[in-house]
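**Student:** Show me how the following folds:
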Amino acid sequence: MAQPFYISALAKQAGVPVKTIRYYEDVGLLPNPSRTASGYRLYAPEMTDRLLFIKKAQNLGLRLDEIKEILELADRGRCPCGHVQAFLKTRLGELQQKIADLRLIERRVQGAIRHGCPPHFKPRGKAICPTIQRQPTTKGR
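**Tutor:** Numbers count the residues shown, from 1 in each chain. The predicted structure follows:
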């Protein structure tokens, strides 16, 4: 059986800051570790795999509360794959909407660059910059 190790060794193996490990414990992504007589945290070797799983799930855009739910299912011996698929489908829809929003902004910026400012424009009164003031006002942006 592999020996448990301290938080600094776990952080190094998983490639995360020590502060992140403590935070993950606080929010319930990592179980509370055992402690030495002097209070140092001791981690089981499999915590490295758990941390790497969390990082990979984050790389797919999953939020910590979703990752926690997945881990809790796995910890109870249940297959979390259905939940993972549902979370990923939701995330994909959000990403597609964000991409559409960014494409709209891109078109607006391209148009604003194309139209530019009139030559020799001087701000006065309410006129600050025609490039921006020509833009439509939209809710939420």
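**Student:** distance of the residue lying farthest from the centre of the chain from residue 21?
**Tutor:** No residue in the chain sits farther from the centre than residue 120, which is 45.4 Å out by Cα atoms, centre = their mean. Counting by Cβ to Cβ, to the nearest Å, the gap from residue 120 to residue 21 is 60 Å. Any C-beta I mention is one placed from the backbone N, CA and C, and that applies to glycine too.
**Student:** any idea which helix is longest in this protein?
**Tutor:** Of all segments of type helix in the chain, defined using DSSP state H, the longest is helix 81-115.
**Student:** Pull out the buried positions in the helix or strand following that one.
**Tutor:** The helix or strand immediately downstream of helix 81-115 is helix 130-133, counting by DSSP states H and E. For helix 130-133, burial by neighbour count (16 or more other Cβ atoms under 10 Å) applies to no residue.
**Student:** what's the answer for stretch 40-47, then?
**Tutor:** 41, 43-44, 47.
**Student:** low-confidence ranges in the protein?
**Tutor:** Across the chain, the ranges flagged by pLDDT under 70 are 1, 139-141.
**Student:** what's the domain layout of it?
**Tutor:** Per automatic domain parsing, the domain ranges recorded for the chain read 1-78, 83-117+127-141.
**Student:** so of those, which one's packed in deepest?
**Tutor:** domain 1-78 (a mean of 14; mean count of other Cβ atoms under 10 Å).
**Student:** tell me how far that one is from the chain's mean position?
**Tutor:** From the chain centre to the centre of domain 1-78 is a distance of 17 Å (Cα atoms, centre = their mean, to the nearest Å).
**Student:** Adjust the sequence numbering to begin at 37 for everything that follows.
**Tutor:** Shifting the count to begin at 37 puts that one at domain 37-114.
**Student:** how much space between the closest residue to residue 148 other than its chain neighbours and residue 161?
**Tutor:** Spatial nearest neighbour of residue 148, excluding adjacent residues (Cβ to Cβ, 6 or more residues apart in numbering): residue 167 at 5.1 Å. Counting by Cβ to Cβ, the separation of residue 167 from residue 161 is 17 Å.
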